[in-house]
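Undergrad: A predicted structure for the sequence below; I have some questions about it.
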Amino acid sequence: MSTDYEFAVTSLGTEGESVNATVTLRQRGFVFGEILTLNCRIEKVDGESLSYYEKEAITKATRALKDIASQL
């Protein structure tokens, strides 16, 4: 079964000891037209790559949306 939606990290920036990521939820295949945007903060880990922070941000965003949905 395929999903119609995907998360994408649209920006990363550093601030002190953390990395700030903007994660958008959008319909798969569309570059524009975000449905929802979340800002996530990830603690810096020495030696980690950008892909690590992108993955962590998407994991946090997914968890947050699941938590919200479970309370509706």
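TA: On my side now, so go ahead.
Undergrad: Any buried residues in the helix or strand that contains R63, and which?
TA: In this structure, R63 sits in helix 50-70 according to DSSP states H and E. In terms of neighbour count (16 or more other Cβ atoms under 10 Å), helix 50-70 has its buried residues at Y53, E54, E56, A57, I58, K60, A61. For glycine as for every other residue, the C-beta is placed from the backbone atoms N, C-alpha and C.
Undergrad: okay, now T22: neighbour count?
TA: 17 (other Cβ atoms under 10 Å).
Undergrad: Check whether the nearest residue to it once chain neighbours are set aside sits in a helix, strand or coil.
TA: Once flanking residues are discounted, T22 sits nearest to S11: 4.4 Å by Cβ to Cβ, 6 or more residues apart in numbering. Per DSSP: H, G, I helix; E, B strand; the rest coil, the secondary structure class of S11 is strand.
Undergrad: how much space between S11 and A69?
TA: S11 sits 25 Å away from A69, going by Cβ to Cβ, to the nearest Å.
Undergrad: Equivalent analysis for S18, please.
TA: Relative to A69, and taking Cβ to Cβ, S18 is found at 26 Å.
Undergrad: repeat for A61
TA: Distance from A61 to A69, counting by Cβ to Cβ: 13 Å.
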